[in-house]
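Novice: Next input, structure requested:
(2 chains)
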Amino acid sequence: MAIISVHNLRKTYGEKVAVDDVSFSVKEGEIFGIVGRNGAGKTTTVECVAGLRTPSGGTIEYGTAIRDLKEQIGVQLQDCSLPDKLKVGEALALYASFYSRPADWRALLAEVGLDPGAAFAKLSGGQRQRLSIALALVGNPRVAILDELTTGLDPQARRDTWELISRVREMGVTVLLVTHFMEEVERLCDRVAVISSGRVLAVDTPDGLIARAGGEQRIVLTSTAQVTALTALPQVTGVHRDGDEVIVTGTGDLLAAVVGALPPDQLAGLRTERITFDDAFLALTGHAPG
Amino acid sequence: MLVQKQLILTESKLFLREPAAVFFATVLPATLLLVLGGSIPGFRDADPSMGGERVIDTQLPGMMVLLSVVTLALSTLPSALVAYREKGVLRRMSTTPVRPSALLVAQIVINAVVAVLSTALTLSLGHIVLGVPIPRQLAAFAGVFLLGSVAMFAIGLCLAAVSPNSRVVQGAGAAVMFPLLFLGGMWLPRELMPSALRVVSDITPTGAFGQALRDTMAGHAPALSHLAILLGWTLVAGFAATRMFRWE
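Specialist: Model prediction:
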């Protein structure tokens, strides 16, 4: 069941078109990704969804779970900080007081693993983002909108943040995640809308988008044996030798077919290569992400 | 109302964590009054050039009250508001059920309370240590203090409205504050100003505010022209601030 349905959303600033024509719907309980390059219109789209901007055109419908946008949609925007000397616990207690039915902020604090006595200025980038997530959740929202959470974080902090987002879904909160990290999309998102120049190019699961980009798989092995026999397999579309390596391309259950066709001692150095979401994004948009 | 209380409480803690703001707005005016009033001998003698009044009667304490209000209104308040806009604190608040204007209200309340406390501290310390007279028209003094403070805070909000970032608001604050303090009689008592300069002083918010404070301290009624000037500044600056203020 859709908790948010966006139909033909359009937002212009004078001559400038920030969002041209965007439609998608978010199901309750999923992590829905909005992915695109910088300036594609991702942030403007979610700001309209959060009720922070008035669309120039189109409609946004909300499920029955959302009666009051500000109360039931928690938002973490880019470039929003807090006063330097405000302590983590004070920030959460203050923001909890803004909502009519807030979450237990102490439990939330334990969930994100921050010291309540730490001043905002002393927090690392990862800690600030965890606090931002906690602030977006402190009102007990049905939907959390998280905009470019992991930009500028080191790999460990990024992984910690991803884990936290997965736990947010387990709490029953629908997540609308804006990102330009393809790895983040593959790891977290159930479905994703690819946006370019203010338009939706595709809405699908990450795997579905990869499949659209061409479902071809590659198997690489360092076999010295005659592998021409592989070409007879129905799953195989091509076999090439590149120095010591043999590259087998194909579709379907390629791996099982190849392993079954070769004796075990001929499988040295076998690895599979898969088209990544990066490749799929490139194929869709004709540009590198980022 | 509960939210407003919580915001004021939190913002008060933040205010107290900025020692420089506390010092300039409260400690400095009271200390200057005691040090200057206590150490410069002529300040405690009747001065014929000031109509036989002692400098510590109304000139020095009046100017210290002015200094405290002007510092809070033109420096502390606008700097805090612009920093909140610049850092996205107001934008973050706009995502919650509470409007960011609640934060503006909290900031104004805190700065106003500090202005009152600082004035009370300055005058009572001056009275105890130097025998500075308690304002003889206490109700009129309070009324002038209120009207003058509102005018100064309106100008401060105007500064916050037109300043795009913290550097600009601090520079603009200083550029406005020092001429206004001079024209208010901070370094040259209004009695000693050439008449042309005094006319300019009369129409500035600080000149009108400073003289009205001194008049009520000496037991006179404030000049109606000074009250009108303060009201005029309040209306003009208040209108401009509400029209130009941006939350992000």
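Novice: okay, now residue 38: neighbour count?
Specialist: Using chain A. 11 (other C-beta atoms under 10 Å in any protein chain shown). In short, each C-beta sits where N, CA and C put it, glycine included.
Novice: You answered for a different chain; I wanted chain B.
Specialist: Look at B:Gly38: counted by other C-beta under 10 Å, it has 14 neighbours.
Novice: That one: what's it in contact with?
Specialist: By C-beta atoms under 8 Å, 6 or more residues apart in numbering or on different chains, the contact list for B:Gly38 reads B:129-130.
Novice: what about it, helix or strand, and which?
Specialist: Assigned by DSSP states H and E, B:Gly38 belongs to helix B:28-39.
Novice: Name the residues that touch the helix or strand just after that helix?
Specialist: The first helix or strand that comes after helix B:28-39 along the chain, using DSSP H and E, is helix B:59-71. Helix B:59-71 is contacted by residues B:24-26, B:28-30, B:32-33, B:36-37, B:43, B:50, B:53, B:115, B:118-119, B:122-123, B:126, B:132, B:145, B:148-149, B:152, B:177, B:180-181, B:184-186, B:189, B:206, B:209-210, B:213-214, B:217 when judged by C-beta under 8 Å, 6+ apart.
Novice: again, but for stretch A:123-134
Specialist: A:76, A:80-82, A:88, A:91-92, A:105, A:108-109, A:111-114, A:118, A:120, A:144, A:146, A:149-150, A:152-154, A:156-158, A:160-161, A:164-165, A:168.
Novice: Helices - which of these land there?
Specialist: Per DSSP state H, helices hold the following members of these: A:88, A:91-92, A:105, A:108-109, A:111-112, A:156-158, A:160-161, A:164-165, A:168.
Novice: Would you state the helices of chain B in chain order?
Specialist: B:2-16, B:19-22, B:28-39, B:59-71, B:77-86, B:89-93, B:101-130, B:138-162, B:166-183, B:195-203, B:205-217, B:224-244.
Novice: Close to chain A: what parts of chain B are there?
Specialist: Within chain B, the positions adjacent to chain A are B:2-3, B:6-7, B:10, B:13-14, B:17-18, B:83-84, B:87-89, B:91-98 by C-beta under 8 Å from any C-beta of the partner chain.
Novice: middle-most residue in chain B, spatially?
Specialist: B:Val69 (1.5 Å; C-alpha atoms, centre = their mean).
Novice: Quick check: it vs B:Val150, distance?
Specialist: 10 Å (C-beta to C-beta, to the nearest Å).
Novice: Helix B:101-130 and the helix holding B:Gly38, what's the angle between them?
Specialist: 10 degrees (axes from the mean of the first three to the mean of the last three C-alpha atoms, to 10 degrees).
Novice: got the angle between helix B:28-39 and helix B:59-71?
Specialist: Going by the same axes, to 10 degrees, helix B:28-39 makes 160 degrees with helix B:59-71.
Novice: In terms of helix, strand or coil, where does whichever residue of the stretch 101-250 of chain A sits closest to chain B fall?
Specialist: Nearest residue of the stretch 101-250 of chain A to chain B: A:Gly139, at 6.9 Å (C-beta to the nearest C-beta). Secondary structure, DSSP: H, G, I helix; E, B strand; the rest coil: A:Gly139 is coil.
Novice: residues in contact with it?
Specialist: Residues in contact with A:Gly139 (C-beta under 8 Å, 6+ apart) are A:71-72, A:74, A:95-96, A:98-99, A:101-103, B:96-97.
Novice: For B:Arg246, state which of those residues is nearest.
Specialist: B:Thr96 (18.7 Å; C-beta to C-beta).
Novice: Hmm, the closest one is touching A:Gln72, no?
Specialist: No: using C-beta atoms under 8 Å, B:Thr96 is not in contact with A:Gln72; the gap is 11.6 Å.
Novice: ok, those two, which is more surrounded?
Specialist: Neighbours per residue, other C-beta under 10 Å: of B:Thr96 and A:Gln72, the larger number sits with B:Thr96, 23 against 20.
Novice: Which residue is the nearest non-sequential neighbour of A:Ala202?
Specialist: Excluding the flanking residues, the one nearest A:Ala202 by C-beta to C-beta, 6 or more residues apart in numbering or on different chains is A:Val194, at 4.9 Å.
Novice: Now for the most centrally placed residue in chain A: which residues touch it?
Specialist: By C-alpha atoms, centre = their mean, chain A has its centre lying nearest to A:Val185, at 3.2 Å. Applying C-beta under 8 Å, 6+ apart to A:Val185 gives the contacts A:33, A:35, A:179, A:192, A:206, A:277.
Novice: filter the residues of chain B next to chain A to the buried ones?
Specialist: Buried by 16 or more other C-beta atoms under 10 Å in any protein chain shown: B:3, B:6-7, B:10, B:14, B:18, B:83-84, B:87-89, B:91-96, B:98, out of those.
Novice: and the helix or strand of chain B with the lowest mean pLDDT, what other elements does it pack with?
Specialist: The helix or strand of chain B with the lowest confidence, counting by mean pLDDT, DSSP states H and E, is helix B:19-22 at a mean of 87. Helices and strands touching helix B:19-22, by 3 or more C-beta pairs under 8 Å, 6 or more residues apart in numbering or on different chains; DSSP states H and E, are helix B:2-16.
Novice: Kindly export the helix it packs on (C-alpha atoms) in CSV.
Specialist: Listed next in CSV are the C-alpha coordinates belonging to helix B:2-16 (Å, rounded to 0.1, in the frame of the first residue of the first chain):
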residue,chain,number,x,y,z
LEU,B,2,5.5,24.6,26.6
VAL,B,3,7.6,24.5,23.5
GLN,B,4,8.4,28.2,23.8
LYS,B,5,9.5,27.6,27.4
GLN,B,6,11.7,24.7,26.5
LEU,B,7,13.3,26.8,23.7
ILE,B,8,13.9,29.8,26.0
LEU,B,9,15.5,27.4,28.5
THR,B,10,17.8,25.8,26.0
GLU,B,11,18.7,29.1,24.4
SER,B,12,19.5,30.5,27.8
LYS,B,13,21.9,27.7,28.5
LEU,B,14,23.6,28.4,25.1
PHE,B,15,23.8,32.1,25.9
LEU,B,16,25.5,31.4,29.2
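Novice: That concludes my questions; thank you for your assistance.
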